[in-house]
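Chemist: I would like to see how this sequence folds:
(chains A, B, C and D)
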Number of protein chains: 4
Amino acid sequence: MVFTLPSFTAPDFSGPLFTDAPLVTFEAAPQRGVVPENYHGTSIFPEYFHLRQGEWHLLKESRMDCVVVHEHDGTLVVKEFRNVEKGDLVACGRSEQGEEGIFVHDECFNFMAPPTEKFAFRSQTTRETAFSIDYDALYDLLEYEKDHGFITWVLGPAVVFDRDAREAFAELIHQGYVHALLAGNALATHDMEAGLFSTGLGQDIYTKQTIRLGHYHHLDALNTIRGIGSMREAMARGLIRDGVMRAVLEEDIPFVLAGSIRDDGPLPEVVGNVYEAQDRMRELTARSTTVITMATQLHTIATGNMVPSYKVENDGTIRPVYFYTVDMSEFAVNKLANRGSLTARSILTNVQDFVVTVERGLRKRNF
Amino acid sequence: MVFTLPSFTAPDFSGPLFTDAPLVTFEAAPQRGVVPENYHGTSIFPEYFHLRQGEWHLLKESRMDCVVVHEHDGTLVVKEFRNVEKGDLVACGRSEQGEEGIFVHDECFNFMAPPTEKFAFRSQTTRETAFSIDYDALYDLLEYEKDHGFITWVLGPAVVFDRDAREAFAELIHQGYVHALLAGNALATHDMEAGLFSTGLGQDIYTKQTIRLGHYHHLDALNTIRGIGSMREAMARGLIRDGVMRAVLEEDIPFVLAGSIRDDGPLPEVVGNVYEAQDRMRELTARSTTVITMATQLHTIATGNMVPSYKVENDGTIRPVYFYTVDMSEFAVNKLANRGSLTARSILTNVQDFVVTVERGLRKRNF
Amino acid sequence: MVFTLPSFTAPDFSGPLFTDAPLVTFEAAPQRGVVPENYHGTSIFPEYFHLRQGEWHLLKESRMDCVVVHEHDGTLVVKEFRNVEKGDLVACGRSEQGEEGIFVHDECFNFMAPPTEKFAFRSQTTRETAFSIDYDALYDLLEYEKDHGFITWVLGPAVVFDRDAREAFAELIHQGYVHALLAGNALATHDMEAGLFSTGLGQDIYTKQTIRLGHYHHLDALNTIRGIGSMREAMARGLIRDGVMRAVLEEDIPFVLAGSIRDDGPLPEVVGNVYEAQDRMRELTARSTTVITMATQLHTIATGNMVPSYKVENDGTIRPVYFYTVDMSEFAVNKLANRGSLTARSILTNVQDFVVTVERGLRKRNF
Amino acid sequence: MVFTLPSFTAPDFSGPLFTDAPLVTFEAAPQRGVVPENYHGTSIFPEYFHLRQGEWHLLKESRMDCVVVHEHDGTLVVKEFRNVEKGDLVACGRSEQGEEGIFVHDECFNFMAPPTEKFAFRSQTTRETAFSIDYDALYDLLEYEKDHGFITWVLGPAVVFDRDAREAFAELIHQGYVHALLAGNALATHDMEAGLFSTGLGQDIYTKQTIRLGHYHHLDALNTIRGIGSMREAMARGLIRDGVMRAVLEEDIPFVLAGSIRDDGPLPEVVGNVYEAQDRMRELTARSTTVITMATQLHTIATGNMVPSYKVENDGTIRPVYFYTVDMSEFAVNKLANRGSLTARSILTNVQDFVVTVERGLRKRNF
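Modeler: Here you go, the predicted model:
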């Protein structure tokens, strides 16, 4: 099937809920990184702010749990607490139906609402949920987004611990289905290890044989790349001939590797300050129209916190942002599903199978 | 790659360990279902019993945690405690190196032993283990077994809760990769529900829409089949046009549906007495050369208890029995892995993906 | 706090929904174990049937997914499909608001309804849910039920694999907090093993040392009890001096041990036919006012299917039935939580800790 | 029982393995943060380096996957790759039995070795493992360490999501069982939220009621503390009257709060650069004699990587370092168990129950 974007329905600003609403108030931030007491916290939904009588401004590039700053040029900018400057004018008010000049537009896309019944089994997504339609819908979506959207993948290291999954993901990159990559030091390190030694933590990524002194491999990979200065230069020298990071660099895909306290090394490209990493991740998530997170609870939650349920395109049209989480554990995926957005979907499976299946499914379609 | 059976190495009976060994002793069972105190309990390995000086008899059709009965015709039969008759002559002795005329032959196949090192990460199978080689090895194995072996599948109901997985498994049956099926009432009931209503517990197995009054569907399916008298007759009347049980019946695959205390219905074909079900399951596992269990802890453990690590073919050759467990949880698969046999393997993933992937992989090979 | 029973609000039968309702219709079962096509399937809620103009009869001893039979003596009996006799008059109709003379009364107890908000985190019960209040409420409840109710415990074998948990549960029995026990062969077998050898599957239940030939222990326990004829007789002979089954027998607690296909042995008291086991389990669940299931997915679902959300006391008062599930996995407990009853609660933890904590908490209260 | 330290057995340096061994070689680091190709990577075990004929120097303050630098003052310092300076003399050699002047002493403490048998069930730690002895051993250990050791706790936020667990852990601090705390922004943030609003992510930590606008609470807590400047000052002002961080600050317990990409806020005390956080964590782990990690995979692995299996006391005696991991998932705890040290133990349970049980158990002992 050909994917078509769900249409967006703007609020009817001519209704009394809007015409009678007061203007939103702003208060100055009392100090750097601190906001006024009655600040308005953002949601994942489109939010409108009543700036002048009859003028409701939609937030662009929103993200959850931030504040709204009225810039001098008249625009509204969504800022993390830590990025607020002293004196920034911060929107105040915690009601959501216009009572304080703020309207949270949570039912804006024409998704089919799920039918509700008194008695129904299987209201939750579990390992026993049927996922066939999710794969099919994902193929439709990815083919559309390849040309019209921005697809961000968020990866845990499991993807590069298996030969076929690693190759399949590299192929997805080469085929144009990956527009940004968010991961940690481990993903890139073990991808380098696989490129140099064909192992993951010392175990062959295909035969599963434990290689003698293999526990040195990821450290050797780190030391080698650190010595050369960058993964890009290591590839230029012909050291790394395959894998996820090679494909990312070859195709000039933007990426962020965020540091964590469990890192060895780290690789030169890793961002050690997590708040700087957040800022760089948000630059990419702000462009994203589809996000797929795989086998990483930390990065999934971090990214989920940054991704709103909608995106304002350059031409002003408003579209949903799709969010998929792939993991083995109900606990992990439910953390995200609790966001309450219809656009968030979970697939419970091993990411190895997921990546290989998606790559094959897309290839078959374009055959 | 073409699969080749690992060769079996018989013990060297000319060595002193055997020539000096006493004959095994047998004691009469004191009552029905009760064995002598010093009974010998069977393992999953080939076991030899010293019946006459220099004559070591190998157990045929063994299974774990049973006793060995010397029948009047001179054969050795492995019996469950509950199947022992009063007066049955039961082998006694708990040593395993011939000290009491019993030899447990645990290192009999020429599998490559895993290398051991002091420091090695990743000694256990987890969701992060690389599974590419397992799929490839499984394709090789199934192609071989299709013609030369007997492949038993053990299924939880999750396989029929998803359209693609249900179709893929039916296709595996039609292609000759399924020689016996072990399952419970739920698998067949929800397969009937899918055949009649395209739902699983009231939810469409493709679109996932909750159907109005869908919570009646599995009960309606049970009532319908119970009214007709059998699944076979329901198919003859054209009621069930697809699914796992239709393929099983069309291809005349032997199956056992074992009852459990969580059953509704049950379907007419279900065996309500679990010990009778065990006996019928063992008839099929005794013929099995490969067993694959999917998404059912109860049936996996039940089957695992019945399957020895070897099979004596009609021509007397001895070959390994392969045992795969597919599940989402390390806890579930490790229960089986603790059997200690090199032939037991675990794949951690969603069975939907597993079945679809295996069917595609085999089809591609034979294309 | 002292526990007080939530009060029951009967439907207002004087309203037009009831006065205008037709009488419920009954159709004869066409054959043994088969019901009329339009049968009414029962829920966990109180259901009323309009038998004569103005007379609405409440189901007593209901259970989910069964049918309602109008007996010759005028009573309504809830029967499993397999227990329906040819000619039984079965209530028909699938609407629930009186349209066909059937009213399902799903909001009958004065539980405080949970507040609903657009944005709220943590709507699901997970391992991170706060459980302090559940323990406190459980102490209140168990103290009340000890004297005024009927507490049924459903146990997986994990409870007897640990010394302190095994002792704590035996103490709960002796203190009067256990009125019925539902379990399988494994629970009783490993309890016997612990009583005879202080091991669970060959491992000491306190020191965790693996005992030489310990893999014979559970088989020896089975063989010993089978030889003696019953657990009760084994205790009379002084063989078993502690544990769960000894306490159960000493206190004359009714119990059902249901067979399963993974059983060794089995013990003489085990019911091999699962449908006979279901019938005997239902005799006990029908008397239950609180049910607590621990670490057994099979028995939890089986019992959950049998337990309605209410109980009609001998004096005609109607009270809720409380249902607790204790397990390590969100997947397991959510299966039950999907029943939709406010009286079903989940605690995610290790049952060893749960049992020990509950026993200590109750003891401290009565100190 | 009274805990006694296992005694340490030094290698017999008079044997030929040592007397014939060459001296260890050192090579200069070619650039900052890069080590020579044949560097020696450290393990968790005591390691000896042959510096002068007959002189074997033991590493102090070791940690896994680092290198050994020979300082100008003759000492050996274990450094992370990123902390190596250009020209640092790095020990080389990857053999461990003295062949290159390096000896890894992996069997140094007189723990009782586990018995090995051909057939044994239950070789792995799972939720069904008996944990009674672990609690008892932990009480013995903590009472000893309270006075003679240094106990570091590593906490995920789940501990403060429940009222009783939060109180119990604060009590453990006040009773002297906590000498250092390692956690992230979330632990402290939700502890502040609980202190200010009695909620965790907007849900009452006792009644579990969802509070209106509760999704603002953790943001309000962050904003409040950020405005005041520190948690300590917030307590001085009487804002926070209970909880984990209050107890930590009152008792002057050293702590590290490491930042992560999922942080809101963050709190002023959080270290945003993860490698600086690592360095500060290592200062505390280097002093640790017992480490207990609870419900945090990220911090558990990070800390596990830093903690060697032994500690050299000021008086030169060498003792083991105990490492406990408490989590709900076999997957999580096995990641650590793979370290291969006898001193690493896992308890599979909900940390709420664990903390409450340990606090009660210790209190009862000292009653």
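Chemist: my guess is A:Arg363 is in a helix, correct?
Modeler: Yes - the assignment for A:Arg363 is a helix, going by DSSP: H, G, I helix; E, B strand; the rest coil.
Chemist: pull up the gap between it and A:Leu142, please.
Modeler: 12 Å (Cβ to Cβ, to the nearest Å). Any C-beta I mention is one placed from the backbone N, CA and C, and that applies to glycine too.
Chemist: now do A:Glu167
Modeler: Relative to A:Leu142, and taking Cβ to Cβ, A:Glu167 is found at 18 Å.
Chemist: hmm, A:Leu182 and A:Thr303 touching each other?
Modeler: Yes - using Cβ atoms under 8 Å, A:Thr303 and A:Leu182 qualify as a contacting pair, with a distance of 6.0 Å.
Chemist: so what sits against both of these two?
Modeler: Shared contacts of A:Thr303 and A:Leu182, defined by Cβ atoms under 8 Å, 6 or more residues apart in numbering or on different chains, comprise A:152, A:154, A:281, A:285.
Chemist: would TSV of those with neighbour count and pLDDT be doable?
Modeler: Below are the shared contacts of A:Thr303 and A:Leu182 laid out as TSV (neighbours: other Cβ atoms under 10 Å in any protein chain shown; pLDDT from 0 to 100):
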residue	neighbour count	pLDDT
A:Thr152	28	98
A:Val154	30	98
A:Met281	26	98
A:Thr285	27	97
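Chemist: in strands, which of the residues you listed appear?
Modeler: In strands, judged by DSSP state E, the following of these are found: A:152, A:154.
Chemist: which one of the shared contacts of A:Thr303 and A:Leu182 is nearest chain B?
Modeler: Minimum separation from chain B among these (Cβ to the nearest Cβ) is found for A:Val154, which lies at 16.7 Å.
Chemist: beta partners of the closest one?
Modeler: Beta-bridge partners of A:Val154, counted by DSSP bridges, are A:Leu182, A:Thr293.
Chemist: give the contact list for it.
Modeler: If you count contacts by Cβ under 8 Å, 6+ apart, A:Val154 has them with A:181-183, A:291-294, A:296, A:299-300, A:303.
Chemist: for burial, what's the neighbour tally of A:Thr207?
Modeler: Taking other Cβ atoms under 10 Å in any protein chain shown as the neighbour definition, A:Thr207 ends up with a count of 14.
Chemist: ugh, wrong one, I meant A:Met294
Modeler: Going by other Cβ under 10 Å, the residues that sit close to A:Met294 add up to 26.
Chemist: how about A:Arg94?
Modeler: For A:Arg94, the tally of surrounding residues (other Cβ under 10 Å) stands at 15.
Chemist: C-alpha coordinates for whichever strand or helix holds A:Leu141, PDB please?
Modeler: Using DSSP states H and E, A:Leu141 falls within helix A:132-148. Backbone C-alpha positions of helix A:132-148 (Å, rounded to 0.1, in the frame of the first residue of the first chain) are rendered in PDB as follows:
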ATOM      1  CA  SER A 132       2.500  -8.500  10.800                       C
ATOM      2  CA  ILE A 133       0.600  -5.300  10.200                       C
ATOM      3  CA  ASP A 134       3.300  -3.300  11.900                       C
ATOM      4  CA  TYR A 135       5.900  -4.600   9.500                       C
ATOM      5  CA  ASP A 136       3.700  -3.900   6.500                       C
ATOM      6  CA  ALA A 137       2.900  -0.400   7.800                       C
ATOM      7  CA  LEU A 138       6.600   0.200   8.500                       C
ATOM      8  CA  TYR A 139       7.500  -0.700   4.900                       C
ATOM      9  CA  ASP A 140       4.900   1.700   3.600                       C
ATOM     10  CA  LEU A 141       6.100   4.400   6.000                       C
ATOM     11  CA  LEU A 142       9.800   3.900   5.300                       C
ATOM     12  CA  GLU A 143       9.400   4.100   1.600                       C
ATOM     13  CA  TYR A 144       7.500   7.300   1.900                       C
ATOM     14  CA  GLU A 145       9.900   8.800   4.400                       C
ATOM     15  CA  LYS A 146      12.900   7.800   2.400                       C
ATOM     16  CA  ASP A 147      12.000  10.600  -0.100                       C
ATOM     17  CA  HIS A 148       9.700  12.900   1.900                       C
END
